[in-house]
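Engineer: Mind looking at a prediction? Sequence and model below.
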Amino acid sequence: MAPSQLINIIRCVNCGDQMLYIDNKLQCNSCGNMATYADGKIYVIPPACDVVENTKSNIYTLWSSWRKANFKFFKEELELLEPDTRILDLGCGPVQFRNLFSRFNFYVGVDFYPYDLVSVITDIEKRLPFADNSFDVVILSNTLEHVSSTGDVLKEWYRVLRAGGVVLITTPFLMRIHQAPYDFNRYTHFQLTRLLEAASFREIEVKSLGRPIDVYEKI
């Protein structure tokens, strides 16, 4: 994706207005809020300093059965999409499923730490730095459990989706504490459905991935 494509959809997280790009800085037209552009990444916030990178996370043979079930789910869903589909990957981390995204022309990875495939460093629990209706698909690959204010955040993610857009979510139901201190929630089918409906999502499908033995393996 060309830097100009990304910069064109960036908006101020304070007021939502357009941001101008000048000398590797982005400045809001209205309130003067600033962001930085460096090494192909936009820094809306300073990166987290307490993240320990898992260098083995992208190696398929080292994944658990449950992780492989997640991969299969996204593979089946993404194979249905055209290469020009605009994809937003929230809380993408090291992008374990990066091979699935290589054929898309407009992929934006977002996290609070500048992993190699992250394009925007920001807090996904606050206003996202994107214009309304910017993406066709929003992906949350085991991200939702790391969000403390789920209801309000889902509404914000709905805002950046185009009409007819899709959100694809995987999240654990039974799982040990992980990525502490950023592990906040576990969800039932009923809670997920209610939260998504409250955020205006429609045609909701919630299903289980993996097998009971996968839970035992992970714990």
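Structural biologist: All right, it came through fine. Numbering: from 1, shown residues only.

Engineer: ok, Ile124 to Leu140 distance?
Structural biologist: Noted for Ile124: a distance of 9 Å to Leu140, by CB to CB, to the nearest Å. (C-beta placed from N, C-alpha, C; glycine too.)

Engineer: what touches both of the two?
Structural biologist: When contacts are counted by CB atoms under 8 Å, 6 or more residues apart in numbering, Ile124 and Leu140 are jointly contacted by Leu90, Gly91.

Engineer: Same drill for those two, tell me which one is more crowded.
Structural biologist: Neighbour count, other CB atoms under 10 Å: between Ile124 and Leu140, Leu140 has more, with 23 against 20.

Engineer: Might you report the residue contacts of that one?
Structural biologist: If you count contacts by CB under 8 Å, 6+ apart, Leu140 has them with Leu90, Gly91, Trp157, Val167, Leu168, Ile169, Thr170, Thr171.

Engineer: Now the last one. Nearest residue, chain neighbours left out?
Structural biologist: Spelled out, it's Thr171. Distance criterion CB to CB, 6 or more residues apart in numbering; nearest residue to Thr171, sequence neighbours excluded, is Leu144 at 4.2 Å.

Engineer: can you check the third one too?
Structural biologist: With CB to CB, 6+ apart as the measure, Val138 is the residue that lies nearest to Trp157, at 5.3 Å, once sequence neighbours are left out.

Engineer: just the strands in this protein please.
Structural biologist: If you assign secondary structure with DSSP state E, the strands in the chain sit at 19-22, 25-28, 34-38, 41-43, 86-90, 106-111, 118-121, 135-141, 161-170.

Engineer: neighbours around the nearest residue to Ile124 once chain neighbours are set aside, how many?
Structural biologist: For Ile124, ignoring the flanking residues on the chain, the nearest one in space by CB to CB, 6+ apart is Leu90 at 5.1 Å. Neighbour count of Leu90, defined by other CB under 10 Å: 25.

Engineer: Now that Leu90 has come up, it's in contact with Trp157, right?
Structural biologist: Yes: Leu90 lies in contact with Trp157 (CB atoms under 8 Å); the separation is 6.9 Å.

Engineer: Now list whatever residues contact both of the two.
Structural biologist: Val138, Leu140.
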